[in-house]
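Colleague: no sequence on this one, just coordinates:
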């Protein structure tokens, strides 16, 4: 099986800064792909590849809305969410409202093989810490850049949710998503990313990670619907477009990445932009910023 | 359109107490149906009918695991969840980890027409309070009965999640679910009930409320999958059975109620019992304890 890695860095509006810093931005996307590639090329697991790609994007401060540098809630706090799902056995792990776990996707990984699927708040941070996931003081995640944005444009949609879907040499499909949520959101609001079947899904046929107006992805059951289409024989690209039509019908913007068990991919979006990247075993990585 | 109301009170094992108190138990189910019927017969909305049915079950202390009398978390606390979804426009409202809102389904109702779908913790209680939903001290929800259970059988599966799906005279489909979660669960664990597409779903074709091992319903995207089957032309009963087969394949117990736009119903379960009830306009209510 030729391995494949797909990543996205959030659907949303074009930003002048990203236009001006194209080179850096593309470089961050390429490095993200390289993290997944290194694992997949050495016959590693798609679970590890997705986690490594998402962790790199969580650590990146300027461009991505996940981990350190996340969008701020209305009260100035950072509340992060992440989910990871393994297609072979549909085990899933997710965390929401984490405030101390440096890599929220590592928090999701800590839940993946346990009895629960979604842990929220202190319970999620404590569970992650007990599994060895690095903890930081909540202040670590707050950047001046995001404080400035909240002060000047408090309710502007924040792009930059990140996600990855990978297919490994053993044919395993895995999906992961991580986000700081919407700028200016009510602390306590949970979006689609950590909700399995809304923003994140993987089964034996397809792996999906979504981005955009989270509530629209919840109200359409977007990722699960896409998988139902694929299970019914619809090609992944048509399935992805069908789901995004439902999202757009709710007046929302968004996008998604989807990867099926034969390595077919879809990266559609209904938004001004959705930075994304694709690497396929034996080929060179491609990114679109 | 002939209105229809379906209710469930949780899939799980048979309990000796329920056997011994059959009359009271059946009476509680009949009263729940009567709450929905009164609204539907007077041409009221399925939203109000679902809410009224669920509120009655939340208030009932001995039999149902929702509202006052909810199962306790491992630390002895009560954390309640609820969701409500309206099929016509797919608006959805959900709350999780509420500790003060007397009727969690009223908390979900308070979210239904706003910009968010899922609010968690204090944010959910505050939002409910601001919308006029009655608040109580957290101690109000804890019963001696549940304290005894946690002390004697701390990790035994707790049946008694409640749900209702209704079709009103205007053809509107609505689903609602409310739960105290699993006895002995980690405080901070969120199950399927408040996750749209997992334990609760409604669209123009079908309304669904699930009960059972919550994680299995999340990992199968149960309610959303059922709706995808129905949208594809599968009769609701076959769709419901297909979804429960996926749940059972994960080694889980559970059940669900589903109601389509023509009034066709399904009430399957893979468990020893799932107390449930059905009322159809022009007919007498039926309950199975």
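Modeller: Noted; the coordinates are in hand. Note that the structure is predicted; figures quoted are calculated from it, not measured.

Colleague: The stretch 151-289 of chain A: strands as residue ranges?
Modeller: With DSSP state E, counting those that start in this stretch, the ranges of strands along the stretch 151-289 of chain A come out as A:162-167, A:173-179, A:189-190, A:200-202, A:206-212, A:254-260, A:265-266, A:269-270, A:276-280, A:286-288.

Colleague: tally of neighbours for the nearest residue to residue A:153 once chain neighbours are set aside?
Modeller: Excluding the flanking residues, the one nearest residue A:153 by C-beta to C-beta, 6 or more residues apart in numbering or on different chains is residue A:183, at 7.5 Å. All C-beta atoms are positioned from the backbone trio N, CA, C, and that covers glycine. Using other C-beta atoms under 10 Å in any protein chain shown as the criterion, residue A:183 is surrounded by 22 other residues.

Colleague: Residue A:151 is in contact with residue A:183, correct?
Modeller: No - the pair residue A:183 / residue A:151 is not scored as a contact, 10.8 Å apart, by C-beta atoms under 8 Å.

Colleague: hang on, the earlier thing: would you convert the strands of the stretch 151-289 of chain A into JSON lines that also reports mean neighbour count?
Modeller: Shown next, in JSON lines, are the strands of the stretch 151-289 of chain A (neighbours: other C-beta atoms under 10 Å in any protein chain shown):
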{"stretch": "strand A:162-167", "mean neighbour count": "33"}
{"stretch": "strand A:173-179", "mean neighbour count": "32"}
{"stretch": "strand A:189-190", "mean neighbour count": "29"}
{"stretch": "strand A:200-202", "mean neighbour count": "33"}
{"stretch": "strand A:206-212", "mean neighbour count": "32"}
{"stretch": "strand A:254-260", "mean neighbour count": "28"}
{"stretch": "strand A:265-266", "mean neighbour count": "22"}
{"stretch": "strand A:269-270", "mean neighbour count": "20"}
{"stretch": "strand A:276-280", "mean neighbour count": "23"}
{"stretch": "strand A:286-288", "mean neighbour count": "15"}
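
Colleague: Residue ranges in chain A under the pLDDT threshold?
Modeller: Applying pLDDT under 70 to chain A flags the ranges A:155-157.

Colleague: interface residues of the stretch 51-200 of chain A facing chain B?
Modeller: A:90-92, A:96-97, A:115-124, A:127, A:185-191, A:195-198 (C-beta under 8 Å from any C-beta of the partner chain).

Colleague: at 7 Å what do you get?
Modeller: A:90, A:92, A:97, A:115-124, A:186-190, A:195-198 (C-beta under 7 Å from any C-beta of the partner chain).

Colleague: Only whichever of the residues you listed are buried, select them in PyMOL.
Modeller: Provided next is the PyMOL selection string for whichever of those are buried by 16 or more other C-beta atoms under 10 Å in any protein chain shown:
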select buried, chain A and resi 90+92+97+116+117+118+119+120+121+123+124+186+187+188+189+190+195+196+197+198
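
Colleague: Name the residues linked to residue A:167 by a beta bridge.
Modeller: residue A:4, residue A:173 (DSSP bridges).

Colleague: And it, how far from chain B?
Modeller: Note on residue A:167: its distance to chain B, by C-beta to the nearest C-beta, to the nearest Å, is 20 Å.

Colleague: That residue contacts residue A:259, doesn't it?
Modeller: Yes - contact status for residue A:167 versus residue A:259: in contact at 5.7 Å, counting by C-beta atoms under 7 Å.
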